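In: Provided below for reference: sequence and predicted model.
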Protein chains: 2
Amino acid sequence: MKQKVTLKQIAKELDVSISTVSKALKDSVEISLDTRQKVKAFAKLYNYKPNNIALSLKNRKTKTIGVIIPEIVHHFFTTVIGGVEKVANEKGYNVIICSSNNSFDKEVINMEMLASGSADGFILSVAKETQLKKDYHHIQETMNQGMPVVMFDRIIDEIVCDKVIIDDTKGAQMATNHLLSLGCRRIAILTTVDYISVGKLRTNGYLNALRSYDIVHDDSLILKIEDIDHCEEEIEEFLKDKDIDAVFAVNELFAVNAIKVLRNSGKNVPEEVRVVGFTDGILAKHFIPSLTVISQHGEEMGERAATILIDKLEGSDDLTEEYKTVIIDTSLVERQSTKK
Amino acid sequence: MKQKVTLKQIAKELDVSISTVSKALKDSVEISLDTRQKVKAFAKLYNYKPNNIALSLKNRKTKTIGVIIPEIVHHFFTTVIGGVEKVANEKGYNVIICSSNNSFDKEVINMEMLASGSADGFILSVAKETQLKKDYHHIQETMNQGMPVVMFDRIIDEIVCDKVIIDDTKGAQMATNHLLSLGCRRIAILTTVDYISVGKLRTNGYLNALRSYDIVHDDSLILKIEDIDHCEEEIEEFLKDKDIDAVFAVNELFAVNAIKVLRNSGKNVPEEVRVVGFTDGILAKHFIPSLTVISQHGEEMGERAATILIDKLEGSDDLTEEYKTVIIDTSLVERQSTKK
């Protein structure tokens, strides 16, 4: 990836202050013609593109964190925000939330709007459409303007920034291993289409677990669901007359719908078919049977992301850029849906 | 309530432009001394308090709606936001969301932050603490600065503004009438403490319904829950050995917990005890038995609130202020928990 240059880096390289660089780029007469020309030549060479509004507000600290999530009617994402709010409150920061509604355009608009003086930095989980389009210019530009971005959950490998993730592959492997350890051998997986990174990673974890038990996977036991809102019909069609002893579902909703479909076809959960879900939400806790799930610890993800972001915002003006990727441990929460 | 004066009203009263008033208040030499003195005297007389940042950004339309809700990990509120987003998208507006986390201070901070140039107007459901404290200065000041506010769900009667509500009393009455029409006579209610307006209104609806059937209410059948997060123990203690044939719960969580407690004590729902909840969320749909509930039509509330706000933002500069209160019809969604 071509790394764009930041104001800070130009200043360092030419041994002038950031404010000098900023003024030179705006052709201020306060700066000598010579310096102006040098700064502009350097900026051009390294493809520096300023956001004018952001520049003018550069020195105004808003003490506000912008959070952009793909969906707002979504328990996991709101739980992460809960964690962000907790740390932000403790450290005297406000939190502003925007939903991209999984649209690339809305993500770009939200990010530019908040970057124009409403927020000092971002906590971001990208839209499905952004993952599909692979267009990340808005994120890169925001960072180039000196605003730190911490990604969580749905991250982008190609962008170098701080990240807080869970090991989806490992979590799914843990879920599948749990079913295997209970003696299940015909394990179906209800997952998402491949371009959704978490769905793909969880499918990989499922395959890894089968391999570790020397089980050759059966493609007819893998369902990749595209339309999450109407998953029930797809799941019903898929599970019809299928000879299985377990289901691993990559989210709560798939798991709950699987249990309903199984029950309607006369199969008991957990006695005849065991079910494990992913995400420890409100359905998992309250459904009967309660669901065994892999918990992603959403609140902890939010807390870690906010801590990293605030540390960066309050950090020294050190030019060394360091990014970390924090992997939050997932854990298996055993409940009724896999009881022996 | 003492109505504070707006810039617009001063302008109208003195027959000058809004910009003249604004400049006069800032003592601009562009304005004649005479006019400056008149404006300032008038502003003082009517207790006009400008927000400087807001004033300076007065002419910058952000095309952004600020939404402030009491809780973010809450299905109903996120559903309302879904409705707001839908209308806002159609009309080219962005949406920024902040959670007060039911804290008065956070509500004030969020509102002032968004009012300082990030949003043109507000959609607000107030914090529990604000209802308790009865301090609404932040809302009044925002409106005085010419930023429209539309309240929904948890509204404040004393503030004159646009409101989108459901008739909680009527909804609760509908729920209780449904149970009465099924022959239930010993109906318990699981509600919240009185200072939460919706809890109180729903309790009133329950009492109205009993009265209409000439049933004298029994205080021992009314549980007012304070700590929603730990409601299960309270509900268990309350329902123990109680001779009842139905439960009306003012939210989903109380309803689900009631069913669990009843089941654990050997009582079947709906055969022996029928249960109706309030709010048609994810639990109500997926729980087994699925819940009969009063639907608040959250998405519709959001759509109506956004429509009213945007109409106001794009409306003419007409000085007549008109406010409307829209009451969204609730409806009974019959499911398994009250099946005959």
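Out: Noted; the coordinates are in hand.
In: Let me know whether my guess that A:Glu272 is in a strand holds.
Out: No: remark: A:Glu272 does not belong to a strand; assigned using DSSP: H, G, I helix; E, B strand; the rest coil, it is coil.
In: What is the burial count for the nearest residue to it once chain neighbours are set aside?
Out: Excluding its sequence neighbours, the residue lying closest to A:Glu272 (C-beta to C-beta, 6 or more residues apart in numbering or on different chains) is A:Asp245, at 7.4 Å. No exception for glycine: its C-beta is placed from N, CA and C like everyone else's. For A:Asp245, the count of nearby residues is 16 (other C-beta atoms under 10 Å in any protein chain shown).
In: which residues sit in contact with A:Asp245?
Out: A:183-187, A:272-274 (C-beta atoms under 8 Å, 6 or more residues apart in numbering or on different chains).
In: So how do I select the buried members of the residues you listed in ChimeraX?
Out: Typed into ChimeraX, the line below selects the buried ones among the contacts of A:Asp245, using 16 or more other C-beta atoms under 10 Å in any protein chain shown:
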select /A:184,187,273,274
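In: Looking at the contacts of A:Asp245, which is nearest chain B?
Out: The nearest member of the contacts of A:Asp245 to chain B, counting by C-beta to the nearest C-beta, is A:Val273 at 15.9 Å.
In: does the closest one really touch A:Val261, like I thought?
Out: No: in this structure A:Val273 lies outside contact range of A:Val261 using C-beta atoms under 8 Å: 10.2 Å.
In: What residues are bridge-paired with A:Asn94?
Out: Following DSSP bridges, A:Asn94 is listed with bridge partners A:Thr64.
In: In contact with it, which residues are there?
Out: Here A:Asn94 is in contact with A:62-65, A:88, B:98, B:109-110, B:113 (C-beta under 8 Å, 6+ apart).
In: I'd like to know which helix or strand in chain A has the lowest mean pLDDT.
Out: The weakest-scoring helix or strand in chain A, judged by mean pLDDT, DSSP states H and E, is helix A:52-56 (a mean of 41).
In: any idea how far the closest residue to A:Lys91 other than its chain neighbours is from chain B?
Out: Excluding its sequence neighbours, the residue lying closest to A:Lys91 (C-beta to C-beta, 6+ apart) is A:Ile310, at 5.3 Å. From A:Ile310 across to chain B, the span is 17 Å (C-beta to the nearest C-beta, to the nearest Å).
In: just A:Gly281 next, same as before
Out: According to C-beta to the nearest C-beta, A:Gly281 stands 8 Å off from chain B.
In: Could I get the phi/psi values of that residue?
Out: phi -100, psi -160 (degrees, to the nearest 10).
In: quick one: the helices in the stretch 51-200 of chain A?
Out: Secondary structure of the stretch 51-200 of chain A (DSSP state H, counting those that start in this stretch): helices at A:52-56, A:75-90, A:104-115, A:128-133, A:137-144, A:168-181, A:197-212.
In: Those helices: which one's closest to B:Ala306?
Out: Closest to B:Ala306 of the helices of the stretch 51-200 of chain A, according to C-beta to C-beta: helix A:104-115, at 15.3 Å.
In: Check which helices and strands the closest one sits against.
Out: strand A:64-69, strand A:94-99, strand A:121-124, helix A:128-133, helix A:137-144, strand B:94-99 (3 or more C-beta pairs under 8 Å, 6 or more residues apart in numbering or on different chains; DSSP states H and E).
In: was I right about A:His286 contacting B:Phe287?
Out: Yes: here A:His286 lies in contact with B:Phe287, judged by C-beta under 8 Å, at a distance of 6.6 Å.
In: Redo the helices of the stretch 51-200 of chain A as JSON lines? Include distance to B:Ala43 and mean neighbour count.
Out: Output for those, formatted as JSON lines (distance: least, C-beta to C-beta, whole Å; neighbours: other C-beta atoms under 10 Å in any protein chain shown):
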{"stretch": "helix A:52-56", "distance to B:Ala43": "30", "mean neighbour count": "14"}
{"stretch": "helix A:75-90", "distance to B:Ala43": "36", "mean neighbour count": "22"}
{"stretch": "helix A:104-115", "distance to B:Ala43": "32", "mean neighbour count": "22"}
{"stretch": "helix A:128-133", "distance to B:Ala43": "49", "mean neighbour count": "17"}
{"stretch": "helix A:137-144", "distance to B:Ala43": "41", "mean neighbour count": "20"}
{"stretch": "helix A:168-181", "distance to B:Ala43": "59", "mean neighbour count": "22"}
{"stretch": "helix A:197-212", "distance to B:Ala43": "56", "mean neighbour count": "20"}
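In: nearest to B:Ser295, of those?
Out: helix A:75-90 (19.4 Å).
In: one step back: for the residue nearest to A:Lys91, what is the enclosing helix or strand?
Out: Using DSSP states H and E, A:Ile310 sits within helix A:298-314.
In: and the direction of that helix versus that of strand A:64-69, what angle?
Out: If you take axes from the mean of the first three to the mean of the last three C-alpha atoms, to 10 degrees, helix A:298-314 sits at 140 degrees to strand A:64-69.
In: How many neighbouring residues does A:Leu291 have?
Out: A:Leu291 has 29 nearby residues by other C-beta under 10 Å.
In: that older thread, just send the helices and strands packed on helix A:104-115 back as a markdown table, with mean pLDDT and distance to B:Val293 too.
Out: Below are these laid out as a markdown table (pLDDT from 0 to 100; distance: least, C-beta to C-beta, whole Å):
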| stretch | mean pLDDT | distance to B:Val293 |
| --- | --- | --- |
| strand A:64-69 | 97 | 27 |
| strand A:94-99 | 96 | 25 |
| strand A:121-124 | 98 | 34 |
| helix A:128-133 | 92 | 31 |
| helix A:137-144 | 91 | 41 |
| strand B:94-99 | 96 | 24 |
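In: Just confirm A:Lys170 contacts A:Thr330, I think it does.
Out: Yes: assessed by C-beta under 8 Å, A:Lys170 is found in contact with A:Thr330 at 6.8 Å.
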